[in-house]
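1. Predicted model and sequence follow; I will ask about them next.
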Amino acid sequence: MSINPDLVTVGIDMGGTKIAAAPFVNGQLLIDEIIKEPTPQNNAQAILDLMSSMVKKISEKHQVKAVGISTAGVVSNEGQMIGGCGNIKGWKGTKVKKELEAMLKLPVAVENDANCAAYAEYMVGAAKDFDPVLLVIVGTGIGGGIVFNNKIWRGAHFAGGEIGHIKIVDKRTRRCTCGAWDCWEAYASGNGLQNTAHLFYADPTMDNYKLMDLYHKGDETASQVLNTWHEYLALGMASVINTIDPEAVVLSGGMAKFINYPELNKKVRARVVDALKEYVNIIEGTLGNDSGMVGAACLANVELQTRATV
Ligand SMILES: [Zn+2]
C-alpha cells in the first residue's frame, strides 16, 4: 500500500502513568517515532495541553488530518469522560473531544481503551479476517470489547463489553475489584491466577513469574494451578461465546502470553453449546501494548470519513 501523506492520523494512548502518541496511515505506524510523556496527575487541563502539544509536534513532520484517543474509563458518544477512569484522577467529566477539537482544529475521536484495542485487532491485527470479533484483555483484571460490521458495541450507556464482571459461581468465595463477589475477573485474571497459586503454595511471595518458572521446570503443582486457571478462563469465555457467537476471540493483555491456546480452545469447545463447538476460534492478538494507540488511530480515520460524507 502506498503511503498517502494526506491521510495521516495520530493515535494517542492515555495511561495512568504515561501518554504515548504516534503518526499512522490506515492503522499502520508511519515510521517508528512514538513520543512518550509522563501523564500529568490530577489535572485534566494539563493532560489536554500535553496531548495538544504532542499532536503539534507530530504535525511539524506530517500533515495530520485527525486524532484518536484511547483512554481508560467510560466515554460518551460526545467524547466526554462519564465514568470511573481507573487511576487517572481528575479526568472524569472532561469533554475530551470538544476541548481537543477546539485546541487543535482537527476532528478528534475518543474511545475506551479496551474498545480501541478490540477495534485495532479487528482492523489490522489478528482478527482482520473475522467478523464479529470479541477481544478479551487478560491483565491484572479482565476487560473486553466487541466489534461487528466495522462498529464497536458500545451499549446504551457506553459501558458494553465489561465481560470481566460476569459471574462464574455464586459462592461468595472471591471478592472482585468492582466490589461484587465471584466475578470472572477474580478467578481468570492475572490477580486471579496469583490468588489461586496461593491456595496451592504456602509461600507468601508466590507470584505469577515464580509460578511460570516452576511450571517450566516441570513442577506438578504449578501445572495444576495453570490447569485450574485455564478452566476458569474457559468458564467465562464459553458463556460470552454462547452469547455473541464471535467468529474469533482475540486475547491480549499481559497474561495472554501465558495461555496455552490449543488447551484453552479444547476446554472452551467442551463448554459451548453444540451449535458452536466446531467454530470456537481463540487466538492471540498481534498488536500487544500498541493496540490502544493503533485502534485510536483507526477510529480517527473513521471520524474523518464520517465527516467527509456528512
Ligand atoms: Zn467484578
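-> Everything's here; your move. Because the structure is predicted, anything quoted here is derived from the model rather than measured.

2. List the contacts of the nearest residue to Gly155 once chain neighbours are set aside.
-> Nearest residue to Gly155, sequence neighbours excluded (C-beta to C-beta, 6 or more residues apart in numbering): Gly161, at 7.4 Å. C-beta here means a position set from N, CA and C on the backbone, and glycine is covered the same way. The neighbours of Gly161, taking C-beta atoms under 8 Å, 6 or more residues apart in numbering as the test, are Ala114, Asn115, Ala118, Gly143, Gly144, Gly145, Ile146, Trp153, Gly155.

3. Mind checking which of these land in helices?
-> Counting by DSSP state H, the part of the contacts of Gly161 found in helices is Ala114, Asn115, Ala118.

4. gap between the second one and Tyr122?
-> Separation of Asn115 from Tyr122 (C-beta to C-beta, to the nearest Å): 10 Å.

5. and what of the first one?
-> Ala114 is 12 Å from Tyr122, where distance means C-beta to C-beta.

6. can you give me the helices in the protein?
-> 44-59, 96-104, 113-124, 184-188, 190-200, 208-216, 220-244, 261-269, 291-309.

7. Residues in contact with the fourth one: which ones?
-> So the one you mean is helix 184-188. Contacts of helix 184-188 (C-beta under 8 Å, 6+ apart): 138, 141-142, 163-168, 174-178, 191-192, 195-196, 229, 232-233, 235-236.

8. can you check the first one too?
-> Counting by C-beta under 8 Å, 6+ apart, the neighbours of helix 44-59 from elsewhere in the structure are 10, 12, 14, 19, 21-23, 33, 35, 37, 39-40, 64, 67, 69, 88, 90-91, 93-94, 96, 99-100, 103-104, 106.

9. 6 Å instead?
-> If you take C-beta atoms under 6 Å, 6 or more residues apart in numbering as the criterion, helix 44-59 is touched by 10, 12, 21, 23, 35, 37, 40, 67, 90-91, 94, 99, 103-104.

10. Buried ones in that helix, by neighbour count?
-> Ala44, Ile47, Leu48, Leu50, Met51, Ser52, Met54, Val55, Ile58, Ser59 (16 or more other C-beta atoms under 10 Å).

11. Pull the number of nearby residues for Thr221.
-> 13 (other C-beta atoms under 10 Å).

12. Was I right to think it contacts Leu199?
-> No - here Thr221 does not reach Leu199: they are 10.5 Å apart, not a contact under C-beta atoms under 6 Å.

13. For the closest residue to Arg307 other than its chain neighbours, give me the pLDDT.
-> With C-beta to C-beta, 6+ apart as the criterion, Arg307 has its nearest non-adjacent residue at 5.6 Å, and that residue is Pro107. At Pro107, the pLDDT value in this model is 96.

14. State the number of residues packed around Pro107.
-> Counted with other C-beta under 10 Å, Pro107 comes out at 22.

15. That one contacts Asn301, correct?
-> No - using C-beta under 6 Å, Pro107 is not in contact with Asn301, being 9.9 Å away.

16. Please state the backbone phi and psi of Gly141?
-> phi -120, psi -160 (degrees, to the nearest 10).

17. Wait, it touches Ser189, no?
-> Yes - Gly141 is within contact range of Ser189, at 5.0 Å (criterion: C-beta under 6 Å).

18. wait, what's in contact with Leu264?
-> His230, Leu233, Ile282.

19. again, only this time at 7 Å
-> By C-beta atoms under 7 Å, 6 or more residues apart in numbering, the contact list for Leu264 reads His230, Leu233, Ala234, Ile282.

20. Thought Pro262 was touching the first one, still the case?
-> Okay, so that is His230. No - counting by C-beta atoms under 7 Å, His230 does not reach Pro262; the two are 10.6 Å apart.

21. Between these two, which has more neighbouring residues?
-> More crowded of His230 and Pro262, by other C-beta under 10 Å: His230, with 20 against 8.

22. That's all I had, so thanks and see you.
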